[in-house]
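Peer 1: For reference, the sequence and a predicted model appear below.
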Amino acid sequence: MTAGTDTSLASLIGQDELCVVVYRMVISEPQWSVARISEELGVTEVRVRESLDLLAELSMLHVPGDGVSPLPVHPEVGFSAYIHRREAEIRMQQLELAAVRAATAELAATYAAHQASRSSGLERLQGVHEVRARLTEMSRRAKEELLAFMPGGALSQAALHASRPLDEQSLAAGVKLRTVYLESVRNDRPTTEYARWLSELGGEVRTAPSLPLRMLVVDRTSAVLPIDPENSQVGAAVIHSAGVVAALVALFDMVWERAVPLAESRQPPNAETPTPQEMALLDLLAQGHTDEVAARKLGLSLRTVRRMMASVSARLGARSRFEAGLLASRSGWI
């Protein structure tokens, strides 16, 4: 065994080179005394005894005492205790390392989500209750303006009752309210009465035949949109990105300009020009939507949609829906 190997072994067991050299000498010269080993190695007896004590602690020597020379223990026996102890220490360190890795992964996921949220300007709201709470909070904190699309047709009494104090508070604080409802709410007395009450307090209300989605824009700095426009139960997203909010404001302004103030009467149907609501229906059907989907998007009953389509077909002189689509296209209705 070379000196280099002895040094390597000494470092592995956490001792100095002298410890390994003394162990080899005890094996090769078991009758030698401490004084003889000291003389052979050129070190003090104190250092030899220190090495013997360390070897005994490692279970590599058996020291009877009473001046009897130490007896070497087979390396596999002596090192086994050390090996088991080190293995136990390594297993503990591996468990600790695994725990640190798991904690790091969790923190990394939290950090990534936070950074993604900050960089994208997006905040996700889970479920209807969280959405309603956030909408209430944002409405109360508005300082200048609230812009809203309200698809879905007539509002329930519960929705009207919940909205009244919020809208009243906003208007009293000088916040400008502009809301676009579906054209169909004109047929619902509670909703129209609420809209007129809102107008009397200073709010502006208009109607459009169809709306792209439900939306609230607060002070032109943040907006709330449904994650799935077809399923409000999924939740909503609060958007803070300046570019996206600016685009949504532009969309609102475009719809607002084409919408009709609630105080104005609706255009009566005639054979030459369809109403905006009829044009919206024809456009939805041309996109391949069923009567049921079109009714939901227009806030109308299925019976009303079918009656409206029958009226349009009759005015066009069409005998089928396919023919009605062709004639509507030729007439520039869609």
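Peer 2: On my side now, so go ahead.
Peer 1: ok, A310 - contacts?
Peer 2: Listed by Cβ atoms under 8 Å, 6 or more residues apart in numbering, A310 has no contact partners. C-beta: built from backbone N, CA, C; applies to glycine.
Peer 1: any idea which helix or strand carries it?
Peer 2: helix 302-316 (DSSP states H and E).
Peer 1: Only the buried residues of that helix, if you could.
Peer 2: T304, V305, M308, M309, V312, S313, R315, L316 (16 or more other Cβ atoms under 10 Å).
Peer 1: Can I get that helix in CSV, CA atoms only?
Peer 2: Taking C-alpha atoms only, helix 302-316 is exported to CSV below (Å, rounded to 0.1, in the frame of the first residue of the first chain):
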residue,chain,number,x,y,z
LEU,A,302,-86.1,30.5,-27.8
ARG,A,303,-89.7,31.2,-28.8
THR,A,304,-88.9,34.9,-29.5
VAL,A,305,-85.8,34.0,-31.6
ARG,A,306,-87.8,31.6,-33.7
ARG,A,307,-90.7,34.2,-34.1
MET,A,308,-88.1,36.8,-35.1
MET,A,309,-86.6,34.5,-37.6
ALA,A,310,-90.0,33.7,-39.1
SER,A,311,-90.7,37.4,-39.4
VAL,A,312,-87.4,38.0,-41.2
SER,A,313,-88.0,35.1,-43.6
ALA,A,314,-91.5,36.4,-44.4
ARG,A,315,-90.2,39.9,-45.1
LEU,A,316,-87.5,38.5,-47.3
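Peer 1: For the residue lying closest to V224 once chain neighbours are set aside, what are phi and psi?
Peer 2: Nearest residue to V224 in three dimensions, chain neighbours excluded: L216, at 4.6 Å (Cβ to Cβ, 6 or more residues apart in numbering). Per-residue torsions, L216: phi -130, psi 130 (degrees, to the nearest 10).
Peer 1: For L216, which residues are in contact?
Peer 2: Contacts of L216 by Cβ under 8 Å, 6+ apart are L135, M138, S139, L146, L147, A148, F149, A223, V224.
Peer 1: can you list the weak-confidence ranges in the stretch 101-250 of the chain?
Peer 2: The model of the stretch 101-250 of the chain has pLDDT under 70 over residues 111-121.
Peer 1: cutoff 90 now
Peer 2: When residues are selected by pLDDT under 90, those of the stretch 101-250 of the chain lie in 101-141, 150-166, 168, 172-173, 181-202, 207-214, 226-237, 241-242.
Peer 1: As a check, name the ranges of all strands in it.
Peer 2: Using DSSP state E, counting those that start in this stretch, the strands found in the stretch 101-250 of the chain span residues 122-126, 145-150, 176-182, 204-208, 215-218, 222-226, 235-239.
Peer 1: looking at those, which is closest to L285?
Peer 2: L285 sits nearest to strand 176-182 of all the strands of the stretch 101-250 of the chain, at 16.9 Å, using Cβ to Cβ.
Peer 1: Good, wrapping up.
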